[in-house]
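> what follows is a predicted structure for the sequence shown.
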2 protein chains.
Amino acid sequence: MTGADDYLVDFTSYKSYSALRSLAAEPFNLKTPGVMSPERIAACRAVGGGFELLFFGQRVARPELAALQELADEARLVEQFAALRRGAVFNRIAGFASEERQVLHCSCRDIFRDRPAEPHATAQAKAELDKLQQFLADLDQGRLTTPQGEPFTGMIQIGIGGSDLGPRALYLALQAYAHPDRRVEFISNVDPDDAARVLKEMDLSRTLVNVVSKSGTTLETLANEELVRRAYRQAGLDPNAYFVAVTGQGSPMDNPANYLRSFYMFDYIGGRYSATSMVGLVMLGFALGYEPVQEILQGAHAADEAAMEPDIMKNPALLLALLGIWNRNFLRHESLAVLPYSQALVRFAAHLQQLDMESNGKSIDRRGQALNWDSGPIVWGEPGTNGQHAFYQLLHQGTGQAPAEFIGFRHSQYGQDLEIQETTAQEKLLANLLAQSLALAVGQDDPNPNRRFPGNRPSSILLADRLTPERMGALLALYEAKVVFQGFVWNINSFDQEGVQLGKRLANRLLEQFAARRRGENPPEDPVGQALLKNAGL
Amino acid sequence: MTGADDYLVDFTSYKSYSALRSLAAEPFNLKTPGVMSPERIAACRAVGGGFELLFFGQRVARPELAALQELADEARLVEQFAALRRGAVFNRIAGFASEERQVLHCSCRDIFRDRPAEPHATAQAKAELDKLQQFLADLDQGRLTTPQGEPFTGMIQIGIGGSDLGPRALYLALQAYAHPDRRVEFISNVDPDDAARVLKEMDLSRTLVNVVSKSGTTLETLANEELVRRAYRQAGLDPNAYFVAVTGQGSPMDNPANYLRSFYMFDYIGGRYSATSMVGLVMLGFALGYEPVQEILQGAHAADEAAMEPDIMKNPALLLALLGIWNRNFLRHESLAVLPYSQALVRFAAHLQQLDMESNGKSIDRRGQALNWDSGPIVWGEPGTNGQHAFYQLLHQGTGQAPAEFIGFRHSQYGQDLEIQETTAQEKLLANLLAQSLALAVGQDDPNPNRRFPGNRPSSILLADRLTPERMGALLALYEAKVVFQGFVWNINSFDQEGVQLGKRLANRLLEQFAARRRGENPPEDPVGQALLKNAGL
């Protein structure tokens, strides 16, 4: 079987890299009269997997697209993705101590065909799904109730990072489809006020708590679990009758005696790729029901399949990745704005921040050598049209720039709308979406310098029909594939996160100072740490 | 009186500009052995207005600080701020058509002394505050109730941009102090799903609606007001018995017949600076009560006063502005991460995005000439410790970088905490805050290249005692002053937003296509617009 080490190629060594460098010397000009024509708009449209990607706003024409296709082929991006899905050990740094893990988030939705890419992981995913189905049926049919025999009406999810951002983004995106009598809140931050606020709002006697931590040792999650357990005890409730766990087999949390139900997650799925595992699905199943959970998985699986298409004009995830490379490495843009024209996607950019920046915010390649090229951008964003009334001023007229990825849906979720001044709110939303991409591209001249817009600011629009559970699953998986493709181009390990360790270690050093004080002992020798605490007034 | 036009000086013409350029040729190295000493940590600490700014993590030493102080003096930043508070017309572009307005957000909290800087605006603010006090007393004392005689338990604020982001950030920040029987929701986006979700969750028969729009013509706000009025009518309720307005005098919304109560906002306060006007205070008064509203104003006023201190070591707002200039213009960082270690500040960065990027995302100076220097950065951020489990990987090890502004509080809001492994959650939160700034600065060497941290990544920590209403008001005003100071340095108009106009105009062109279709007429000739709609499947 082809392994991950068969692909360790320097980005700058590709022929297409040189071609793109040449093209970037004088980047395609969107302001040239006649360029932004109906023909260009029709030609700059990739379709696949239920999405259309309109990229008339990108600074590309035929030669750039040809070079990007060549890059996809030279770097064997689809082939690498196939190897990843089959279970090659892509989470490693050749020649150095590293996590040495498979990357199998696609397996947990590869459950709809007889011969999944990696049968073992898919079998494990199916077993957990069966447990989830049973759990949800027990809740629905009254076999699992509060000790007082009442149905559960709330769930608190305790988790941080991947156990919070992706699940929370999906929950908020799909509230339109949620069970009317069930509500979910989240506690993530070690800030004790996070738990305090949520505890104040929930009726604990009717509320499940879902504690999610793969290692079972995450500082924030343990602290919050203990805070919440204490609140249950103080309310005269037995936490073990309310708490559910999602954790790794054999972790300190893998103790069914402490939990009503336990679900497993596996070390071949990284936190930021885990929303379609039990990390997201237990909570989503509670909120939405089991069928929508299956629809999410169907959408994600279909997007994984659609990402296998080698032609960039039929593979929006792949093209989005390559346009990102063009903007980052050749037009030298440092950040990326993700701007969904859908209020339901209010926290999708926060999820993408983790997915993208934790995956591709790296400085060494898959052999441990320092990169000679830039890797992942800073990702940020808020829903439109809200952003138009906030930070778009800078996007249009600032000295800095950020390429934009707009996301939109032809139909609203609730279908509640009305005409004002002859158009509906949904039409206003979509008109603004399209207009922004056009405005960024073509700019405007004016005798008043304050009304000049430089134009040539890159953007694209990812469109779909309606934000359903299936489409949300697909959108999630499309962005996962995009990030993975970019990591392949940059020849980096997109699946570890060594960069979080130093801060943890230094925080522990400071915590030793606090702990020693509490014990009344002399604190460990640490002049810098002590100076930090003293000057912070602590 | 000194006017705004007395300060039209090119940034690059200051002596301190040249000094800073020279210093930036070899920026101060935080990794030099011995640099990160207890002495440095103690010396890099500015104190004023109830805040401490710890900036040991910035790439500055005595010469850089001296040059930044010189820049503050040369550019007469405090003098300009004083002129602004006195009512000079700073919202203008000399020689071109522009808004020609005073900038008087500070006046609406300059109510605690006999001789405010600008008496007229402060008198207007006081008159509105008196109306608010009456309104809140009427609610509290049962003189103002639902038509059924019940107390109001909910409020929906309809507004967008400054009528949403700042007020929402403050509401979320101060939920710990909120009236337990009152809840606020927000509708901002023209996406009809935004209103649909909120309407589904609120008991309309007990819910006030606060419609906020200075012009009374904001597309999103009008559409949402109409959607919500329809929902009231459909529920058999008379909207006029529930709706409250905050708008400009003489606007189309200035019609007391349609509203239970009307409050005024004034054109000398821009949307993004309006949170301490009726734009924020009507809703905050409902949620918190009138006393906390006064505390917010006291805090903001104290911060305005503290920003008048010329010594950068005694003026955190000023120093924060100057460190931002150092990072943006001399170390050439394009973005700024604002990272509050307080879950209550979950939407503060979203407010700052508007405040900063809409104010300073400009490319021309106050005389209409193209800038020869960079202006405002891209601002983004999420609360820590959550961010540590998301995007900090890139901050520590990415090829891109973003300077960070951490914000923290020594004490939690709720005071509910417990010891786990000998430290409290609040101690864990603060240890992580301090550790991150240190880690970014000093980095780490390691034989394993994946465990190397380059260091020299700039950050500072803004600290205060506890996030109370007063402190929140002060934090809001501190950042307003920071943004205004930076605009003065860059010689730009931080108070207009022409950059939002082009997108609006193009959106209206597309809306004409929709409207013509609906009328069954031939749509206006617009080949590009029609191509956009067609290729979007619309």
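Perfect, thanks for sending it.
> all contacts plus neighbour counts: C-alpha atoms, from now on.
Noted.
> quick one, helices of the stretch 1-150 of chain A?
A:15-25, A:38-43, A:62-74, A:77-86, A:119-140 (DSSP state H, counting those that start in this stretch).
> deepest-packed of the ones you listed, please.
helix A:77-86 (a mean of 20; mean count of other CA atoms under 10 Å in any protein chain shown).
> just the residues contacting the helix or strand harbouring A:Gln298, thanks.
Using DSSP states H and E, A:Gln298 sits in helix A:290-306. Contacts with helix A:290-306, where a contact means CA atoms under 8 Å, 6 or more residues apart in numbering or on different chains, come from A:48-49, A:106, A:109-110, A:112, A:133, A:136, A:276, A:281, A:284-285, A:315, A:469-478, A:481.
> equivalent analysis for stretch A:206-223, please.
A:146, A:150-160, A:163, A:188-190, A:225, A:242-248, A:251-254, A:265-267, A:279, A:282-283, B:420, B:425.
> helices or strands up against the host helix or strand of A:Val528?
Secondary structure from DSSP H and E places A:Val528 in helix A:527-535. Secondary structure elements in contact with helix A:527-535, counted by 3 or more CA pairs under 8 Å, 6 or more residues apart in numbering or on different chains; DSSP states H and E, are helix A:501-519, helix B:38-43.
> so which of those helices comes closest to B:Gly520?
Nearest of the helices and strands packed on helix A:527-535 to B:Gly520, taken as CA to CA: helix A:501-519 at 63.1 Å.
> got the CA coordinates for that closest one in CSV?
What follows is helix A:501-519, C-alpha atoms only, in CSV (Å, rounded to 0.1, in the frame of the first residue of the first chain):
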residue,chain,number,x,y,z
GLN,A,501,2.6,22.6,24.2
LEU,A,502,4.9,25.4,25.2
GLY,A,503,2.1,27.6,26.7
LYS,A,504,0.8,24.6,28.6
ARG,A,505,4.2,23.9,30.1
LEU,A,506,4.7,27.5,31.2
ALA,A,507,1.2,27.7,32.6
ASN,A,508,1.9,24.7,34.7
ARG,A,509,5.0,26.4,36.0
LEU,A,510,2.9,29.3,37.2
LEU,A,511,0.3,27.0,38.7
GLU,A,512,3.0,25.4,40.8
GLN,A,513,3.5,28.9,42.4
PHE,A,514,-0.2,29.1,43.2
ALA,A,515,-0.2,25.6,44.6
ALA,A,516,2.9,26.1,46.8
ARG,A,517,1.3,29.2,48.3
ARG,A,518,-1.8,27.3,49.1
ARG,A,519,0.2,24.6,50.8
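> now do the buried residues in it.
Using 16 or more other CA atoms under 10 Å in any protein chain shown as the test for burial, helix A:501-519 gives A:501-504, A:506-515.
> now the angle from that helix to helix A:527-535?
Relative orientation of helix A:501-519 versus helix A:527-535 (axes from the mean of the first three to the mean of the last three CA atoms, to 10 degrees): 70 degrees.
> distance to A:Arg101 and mean pLDDT for the helices and strands packed on helix A:527-535 - can I get that in JSON lines?
Below are those laid out as JSON lines (distance: least, CA to CA, whole Å; pLDDT from 0 to 100):
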{"stretch": "helix A:501-519", "distance to A:Arg101": "18", "mean pLDDT": "96"}
{"stretch": "helix B:38-43", "distance to A:Arg101": "41", "mean pLDDT": "98"}
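> can you lay out those as a markdown table showing distance to B:Thr385?
Below are those laid out as a markdown table (distance: least, CA to CA, whole Å):
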| stretch | distance to B:Thr385 |
| --- | --- |
| helix A:501-519 | 11 |
| helix B:38-43 | 22 |
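> out of those, which comes closest to B:Gly443?
Nearest of the helices and strands packed on helix A:527-535 (CA to CA): helix A:501-519, 7.9 Å.
> how's chain A carved up into domains?
Following automatic domain parsing, chain A resolves into domains at A:4-100+A:299-498, A:105-294, A:500-535.
> for the longest one, what is the distance to the chain centroid?
By that I understand domain A:4-100+A:299-498. Chain-centre distance of domain A:4-100+A:299-498: 13 Å, with CA atoms, centre = their mean, to the nearest Å.
> so how far is A:Val346 from A:Leu429?
15 Å (CA to CA, to the nearest Å).
> of those two, who's got more company?
A:Leu429 (26 against 19; other CA atoms under 10 Å in any protein chain shown).
> now for the helix or strand hosting that one, which elements pack on it?
Here A:Leu429, judged by DSSP H and E, is contained in helix A:425-442. Contact here means 3+ CA pairs under 8 Å, 6+ apart; on that basis helix A:425-442 packs against strand A:404-411, strand A:459-466, helix B:501-519.
> what packs against the longest one?
Which is helix B:501-519. Using 3+ CA pairs under 8 Å, 6+ apart, helix B:501-519 is in contact with strand A:423-424, helix A:425-442, helix B:527-535.
> now the ones you listed as a markdown table including distance to B:Asp5 and mean pLDDT?
Formatted as a markdown table, the entries for those read as follows, by distance: least, CA to CA, whole Å; pLDDT from 0 to 100:
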| stretch | distance to B:Asp5 | mean pLDDT |
| --- | --- | --- |
| strand A:423-424 | 44 | 96 |
| helix A:425-442 | 32 | 98 |
| helix B:527-535 | 42 | 97 |
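> give the buried residues for the helix holding A:Gln298.
Buried residues in helix A:290-306 (16+ other CA under 10 Å): A:290, A:292-306.
> ok, back up a step: put the buried members of the contacts of stretch A:206-223 into a ChimeraX selection.
To isolate the buried subset of the contacts of stretch A:206-223 in ChimeraX, counting by 16+ other CA under 10 Å, use the following:
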select /A:146,151,152,153,154,155,156,157,158,159,160,163,188,189,190,225,242,243,244,245,246,247,248,253,254,265,266,279,282,283 /B:425
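> among the contacts of stretch A:206-223, which are in helices?
A:Glu225, A:Val279, A:Val282, A:Met283, B:Ala425 (DSSP state H).
> those residues: which two are farthest apart?
A:Val282 and B:Ala425 (26.7 Å).
> count the residues that sit near the closest residue to A:Leu418 other than its chain neighbours.
With sequence-adjacent residues excluded and distances taken as CA to CA, 6 or more residues apart in numbering or on different chains, A:Leu418 is closest to A:Thr424, at 5.2 Å. When counting by other CA under 10 Å, one arrives at 21 neighbours for A:Thr424.
> great, nothing more from me.
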